[in-house]
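# pasted the sequence and its predicted model underneath.
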Amino acid sequence: MSKDAGMLICRSVPVFFALLHYYSFSCIIKAMKSIKKKKTVIAALAVLFAALFGLAVTKLIRVREARTNGILLCFDDYDEYNWSEYFDLLEKYDAHVTYFVIIEEPTDFCFEAIKRGHEIGYHSLAHTTVADMDGWDELYKYTIAPIETFREHGIELTTFAYPEGRGYPGSDEELLKYYKVIRGANELIFYGKDKLRHGFVDAVSIDNIHFENDEVYKAYIDRLLDNFNGNVGGVQIVFTHTIGDGGWCLGEERLEYLLSEAKKRGIKFYTFKELQDN
Ligand SMILES: [Zn+2]
C-alpha cells in the first residue's frame, strides 16, 4: 500500500466511526418507538460500543505516535547496488530512511525503495554544489527542474539536501517554494517533530572518517541516543553515503549498532515525508 493510501485510510477512520456513531443513534431512536424492536436496539448499542472503542483506539495510537522519538537516517549521493544490499537489514529493524539522489530521473532502485517505505529526496543533479551556482537559471536546472521529471514518473520529491551542506544567501527561501524541507550537513540538532514539516533543518555526518575506531563511534551513538532521555516527540538527523569500510561510508556493523540500539530504546526511524504529512 502506498503512503498516500495509508494516510487516506488513517484519515477516513474517524469519519467512518462518526458515521457509525450517527447511524447507531438513529437506530436507537427508531427502535425505541416499538418494543418489538428489542433486537434492533441491542444491535445498535453494539455498533455504538464498537464505534466508541474504535475512536478511543485511534486516539491512543495518535498520542503514542506523537510522543515517539525518532531518528532520520539519510544516505546521500547514489549507489543503487550498495544501498539495495541493505534493504533487508533496514527492514529487520523496521527502519525507514531517506535516500538523497543525484540522478536525472527515477530508476528501479527508487521505486523499490519507496515500495519498502523509504523516501527518495533530492541532492542536486550530478551533485552540483548550490553555493557555487550562478543565479536562478542554474539553481532551477540542477535542483528544481528534476522535481517535474520525477513527478512525471510518479515520484513526488519534497525534501532536498544541500550537496556539501552549503547553499547561498537566499537559496533556502527559493528552494522552499518547491520543497517542504531543506537539509544541511553541519550540525546535530534536537528538533521537535513540528519543525520537520517545513523549513531548513540541519544534520550531522556519521561517516567512518569522523571516528577513530568502533569504540569512539559507539560512544558517539550512545550520547546521541541519550539526548532522547526525558524527551518525547523529538528527532535528530544523521547522514552517511554508502555502507562499507571507506572514509565516507558507514561500516555495516556500525549501521547495525545504530539500528539495534535505537530499537532497544523504542526510538523509531522516520523518513522526512512521514513527518511532513502528519
Ligand atoms: Zn553529497
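Everything's here; your move.
# any idea how far the residue in the chain that the ion sits nearest to lies from Asp94?
At 4.1 Å from the ion, Asp76 is the closest residue in the chain, using CB to the ion. C-beta: built from backbone N, CA, C; applies to glycine. Going from Asp76 to Asp94 by CB to CB, to the nearest Å gives 22 Å.
# of the two, which one has the most company?
Asp76 (27 against 11; other CB atoms under 10 Å).
# who's in contact with the more buried one?
Applying CB atoms under 8 Å, 6 or more residues apart in numbering, we find Asp76 in contact with Phe100, His123, Ala161, Ala185, Phe239, Thr240, His241.
# quick check on Tyr122: phi, psi?
phi -120, psi 150 (degrees, to the nearest 10).
# that one: what's it in contact with?
Phe100, Val101, Thr143, Pro146, Ile147, Phe150, Leu157, Thr159, Phe160, Ala161, Tyr179.
# then Asp202?
Counted by CB under 8 Å, 6+ apart, Asp202 has contacts Arg183, Gly184, Ala185, Asn186, Glu187, Leu188, Ile189, Ile237.
# up against the ion, what does the chain have?
The chain has residues Asp76, Asp77, Pro163 near the ion, with proximity defined as CB under 5 Å from the ion.
# quick one, domains of this structure?
3-66, 69-276 (automatic domain parsing).
# which of those is buried the deepest?
Highest mean neighbour count among the domains of the chain (mean count of other CB atoms under 10 Å): domain 69-276, with a mean of 17.
# next one: it to chain centre, how far?
Relative to its parent chain, domain 69-276 has a centroid offset of 10 Å by CA atoms, centre = their mean, to the nearest Å.
# who's in contact with the residue nearest the centre of the chain?
The chain has Thr271 as the residue nearest its centroid, 1.7 Å off, counting by CA atoms, centre = their mean. By CB under 8 Å, 6+ apart, the contact set of Thr271 is Leu72, His96, Val97, Thr98, Gly117, His118, Glu119.
# picking up where we left off before, with adjacent residues omitted, what lies nearest to the residue of the chain closest to the ion?
Nearest residue to Asp76, sequence neighbours excluded (CB to CB, 6 or more residues apart in numbering): Phe100, at 4.7 Å.
# please enumerate the helices of this structure.
When assigned using DSSP state H, the helices of the chain occupy the ranges 3-32, 38-67, 80-85, 87-92, 108-115, 135-139, 145-152, 171-175, 214-226, 252-264, 272-276.
# for the ones you listed, which has the smallest mean pLDDT value?
Here the lowest mean pLDDT among the helices of the chain goes to helix 3-32, at a mean of 54.
# which residues does the residue nearest to Asp76 contact?
So Phe100 contacts Cys74, Phe75, Asp76, Asp77, Gly121, Tyr122, His123, Thr159, Phe160, Ala161, Arg183, Phe239 (CB under 8 Å, 6+ apart).
# can you pull the contacts of the second one?
Phe75 makes contacts with Trp83, Val97, Thr98, Tyr99, Phe100, Phe239, Thr240, His241, Thr242, as judged by CB under 8 Å, 6+ apart.
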